[in-house]
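J.: give me a model of this one.
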Amino acid sequence: MEKARNPNVAPETLDVNHLAEMLGMSRTALFKIRKNDSTFPEPAFKSPKRWTRSQIMQWLNYKANIVDDAEQAGKEAYGNVIIENK
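T.: Down below sits the predicted model:
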């Protein structure tokens, strides 16, 4: 069950610098992700650009689930095959 939010408390917001730091990447790398990944969330606030921490955490969880789903699909299709380089 999700807790009710206090309407007097603003969600934690992240500017480009803080967002890049949180994700462990440069601003340039973040720009490339924003430009090329259609799943990356639009800023919650447009001017100046700000994202909420919850937006980014939801996006990260979504991306992690995609990887998990792809790994599971591979295991189902090929079994737990170990390929050794000779």
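J.: and the helices in the chain?
T.: Assigned by DSSP state H, the chain shows helices spanning 16-23, 27-36, 53-78.
J.: what's the neighbour count on Gln55?
T.: When counting by other Cβ atoms under 10 Å, one arrives at 19 neighbours for Gln55. Heads up, the C-betas are built off the backbone N, CA and C, glycines and all.
J.: please report how far it lies from Tyr62.
T.: Look at Gln55 and Tyr62: by Cβ to Cβ, to the nearest Å, they are 11 Å apart.
J.: surely Tyr62 and Thr39 touch.
T.: Yes - with contact defined as Cβ atoms under 8 Å, Tyr62 reaches Thr39; the gap is 6.5 Å.
J.: how about low-confidence regions in this structure?
T.: Filtered on pLDDT under 70, the chain yields the residue ranges 1-11, 67, 69-70, 72-86.
J.: mind redoing it with 80?
T.: 1-11, 67-86 (pLDDT under 80).
J.: ok, for Phe40, nearest residue in space, not its chain neighbours?
T.: Spatial nearest neighbour of Phe40, chain neighbours left out: Arg34 (5.2 Å); criterion: Cβ to Cβ, 6 or more residues apart in numbering.
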